[in-house]
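Asker: Kindly generate the corresponding structure for this input.
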Amino acid sequence: MIFHREETLARHALEDQQLEDLKKTVRTVYEKSPFYKEWLRKAGITPDQIQQLKDIQKLPFTQKKHLRKHYPFGLFAADRKDLIRIHASSGTSGKPTIVGYTKQDIESWADLAARAIAIGGGTPDGILHNAYGYGLFTGGLGLHAGGERLGMAVVPVSVGNTDRQITLIEDLQPEVICCTPSYALNIAERMRELEKDPRSSSLQYGIFGAEPWSEEMRRTLEDRLGIKACDIYGLSEVMGPGVAMECHEAQDGLHIAEDHFLAEVIDPDTLEPVPDGQPGELVFTSLKKEAIPIIRYRTGDIASITREPCKCGRTTARMSRIKGRIDDMLIIRGINVFPSEIEHYLITVPEISPHYQLHLHKQGPLDEVTLHVEINDGLYAEVKMDLTHEKIGELQRHIQQLMRSSCLVSIDVRILAPKSIPRSEGKAVRIIDARFPQAFA
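Answerer: Below is the predicted model:
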């Protein structure tokens, strides 16, 4: 077991260090970031007012809209000549958010990604199969550097060409795979189609992130691949993968790298802090970043935090698995529900595959939702490919009743043939929004 000193610090020692780093960060942005200097002046705040950790609540929040409004470099605190890497979000709902890294930022990121891989089961003498996308997305390059920093041999296969992925897994014998959970499911499914047993591979650990996934999806992945599946968290605005990582020993919340990030949970409506253990919106402040320090960044992700020590021995605060994103929450006939909640119960239905989509459309003035699911190969053969068969109707009614009793929503269900829903090579597309012209999936 590999522990870093920062992962086992006493709470008072950690908080003393966080306070010193917070003071430095606020002073840095006040002196070097035009956006933050004006932003703090408007709020009537000077760096000298930060004297204890709870003083962070005096600071205003940063949101994605600020990065877009001041695109591309308006929030930076480092000169462009000092940057050695630039990443960006996909920009599917507007301009991409641009983030940059100095040499020290890249070093720190590699250290944290290495820590995360070790927490998830990686060891210096192992091989890591990295099927996250390389490029502007931070996942591929972030975990690549982390694997190398840990001492692993990294296979930079990126996403796509699933048959080649399977060949490389068979031939190179990696112990760890990194990708989205939906793509791991796709790999396992393709192995079965090729009459290969996914459980017989060399893989022992999966480090999965970039999309919310349920505890039931974890059990499905572990059963199909014969691995321990652990959750990793990160976002480009804060750093990239490695902000928090679930340990393979307990699989009970993600350990936050608190020596680099100060985490809060707020009520997204009142913006007030919520108690430990209560879900709310995650907010992060970076404590050591140089290129683009971020102050009280509202992530839009819903989770809770506990500061109870973990049975693995680490003392850092842990965040729960992401329940969903504020902007992904659906209101179905007046009931709030996240796609991950629907997934939680769908995966308990043995007759269908773990692949699903929610299609949003208009019915007059009302929003309507249709849940698309696939039956498995066994049932499809049993009903002789007849989707009007009585058993399909029974299954449809069962799923509708399950959604009513478990998620408290009445929802239309459409049963599809196997392989009807497109398979993901990156982030799974769970919501298809056809309510408005030019809506984005």
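Asker: Please identify the helix or strand for residue 413.
Answerer: strand 412-416 (DSSP states H and E).
Asker: what's the following helix or strand past that strand packed up against?
Answerer: Using DSSP H and E, the helix or strand that follows strand 412-416 in sequence is strand 431-433. Contacting strand 431-433 under the criterion 3 or more C-beta pairs under 8 Å, 6 or more residues apart in numbering; DSSP states H and E are the following elements: strand 352-363. C-beta here means a position set from N, CA and C on the backbone, and glycine is covered the same way.
Asker: packing partners for the strand it packs on?
Answerer: Secondary-structure packing of strand 352-363 (3+ C-beta pairs under 8 Å, 6+ apart): helix 181-193, helix 339-346, strand 366-375, strand 431-433.
Asker: Show the subsequent helix or strand relative to the longest one.
Answerer: Spelled out, it's helix 181-193. strand 205-208.
Asker: Partner strands of that following strand and their direction?
Answerer: Taking DSSP bridges as the criterion, strand 205-208 forms sheet pairs with strand 176-179 (parallel), strand 228-233 (parallel).
Asker: what does the longest one contact?
Answerer: I take that to be strand 228-233. 116, 119-121, 178, 181, 184, 204-209, 213, 218, 221-222, 241-248, 251, 254, 319, 321-322 (C-beta atoms under 8 Å, 6 or more residues apart in numbering).
Asker: next structured bit after that strand?
Answerer: strand 244-246.
Asker: any idea of the mean pLDDT in that following strand?
Answerer: Strand 244-246 carries an average pLDDT of 98.
Asker: and residue 281, how many neighbours?
Answerer: By other C-beta atoms under 10 Å, the residues close to residue 281 number 21.
Asker: next one: residue 70
Answerer: Residues within reach of residue 70, counting by other C-beta under 10 Å, total 15.
Asker: ditto for residue 350
Answerer: For residue 350, the neighbour count with other C-beta under 10 Å is 8.
Asker: How about residue 185?
Answerer: 24.
Asker: which residues sit in contact with residue 216?
Answerer: 343, 344, 345, 347, 348.
Asker: May I have the secondary structure class of the nearest residue to the last one once chain neighbours are set aside?
Answerer: Nearest residue to residue 348 in three dimensions, chain neighbours excluded: residue 216, at 6.4 Å (C-beta to C-beta, 6 or more residues apart in numbering). When states are read from DSSP: H, G, I helix; E, B strand; the rest coil, the local structure at residue 216 comes out as helix.
Asker: I figured residue 278 hits residue 304, correct?
Answerer: Yes - counting by C-beta atoms under 8 Å, residue 278 touches residue 304, with 5.8 Å between them.
Asker: which residues are in contact with both of these two?
Answerer: With contacts taken as C-beta under 8 Å, 6+ apart, residue 278 and residue 304 have residue 265 as neighbours in common.
Asker: How about residues contacting the strand holding residue 413?
Answerer: 352, 368-375, 387, 392, 395-396, 399-400, 403.
Asker: from the residues you listed, which two are the most distant?
Answerer: 368 and 375 (22.8 Å; C-beta to C-beta).
Asker: Mind splitting the protein into its structural domains?
Answerer: For the chain, the structural domains run 1-326, 329-433, going by automatic domain parsing.
Asker: Give the bridge partners for the nearest residue to residue 63 once chain neighbours are set aside, please.
Answerer: Ranked by C-beta to C-beta, 6+ apart and with sequence neighbours excluded, the top spatial neighbour of residue 63 is residue 298, at 5.1 Å. Beta-bridge partners of residue 298, counted by DSSP bridges, are residue 283.
Asker: Would you mind measuring from residue 298 to residue 324?
Answerer: Separation of residue 298 from residue 324 (C-beta to C-beta, to the nearest Å) stands at 15 Å.
Asker: Can you report how many residues neighbour residue 343?
Answerer: 19.
Asker: cool, residue 338 as well?
Answerer: Neighbours of residue 338 using other C-beta under 10 Å come to 21.
Asker: Go ahead and confirm it touches residue 322.
Answerer: No - if you go by C-beta under 8 Å, residue 338 and residue 322 don't touch, sitting 9.3 Å apart.
Asker: Where does pLDDT dip in the chain?
Answerer: 1-2, 90-94, 333-334, 364-366, 436-441 (pLDDT under 70).
Asker: After the longest helix along the chain, which helix or strand is next?
Answerer: Taking DSSP state H as the criterion, the chain has its longest helix at helix 11-32. Using DSSP H and E, the helix or strand that follows helix 11-32 in sequence is helix 34-42.
Asker: can you dump the C-alpha coordinates of that following helix into CSV?
Answerer: Below are the C-alpha coordinates for helix 34-42, written out as CSV (Å, rounded to 0.1, in the frame of the first residue of the first chain):
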residue,chain,number,x,y,z
PRO,A,34,-7.2,41.3,-13.7
PHE,A,35,-10.5,39.5,-13.4
TYR,A,36,-10.0,38.5,-9.8
LYS,A,37,-8.6,41.8,-8.8
GLU,A,38,-11.7,43.6,-10.1
TRP,A,39,-13.9,40.9,-8.7
LEU,A,40,-12.5,41.2,-5.2
ARG,A,41,-12.6,45.0,-5.3
LYS,A,42,-16.3,45.0,-6.2
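Asker: before we move on, the earlier item: more neighbours: which of residue 368 and residue 375?
Answerer: Legend: neighbour count by other C-beta under 10 Å for residue 368 and residue 375, higher for residue 375 (23 against 15).
Asker: Would you mind measuring from the more buried one to residue 381?
Answerer: Remark: distance between residue 375 and residue 381 (C-beta to C-beta) = 10 Å.
Asker: Just give the nearest non-adjacent residue to the spatially most central residue of the chain, would you?
Answerer: The residue lying closest to the centre of the chain (C-alpha atoms, centre = their mean) is residue 210, at 3.7 Å. What sits nearest to residue 210 in space, not counting adjacent residues and going by C-beta to C-beta, 6+ apart, is residue 180, at 4.9 Å.
Asker: Does the one you found touch residue 212 like I think?
Answerer: No - Residue 180 lies out of contact with residue 212 (C-beta under 8 Å); the separation is 10.6 Å.
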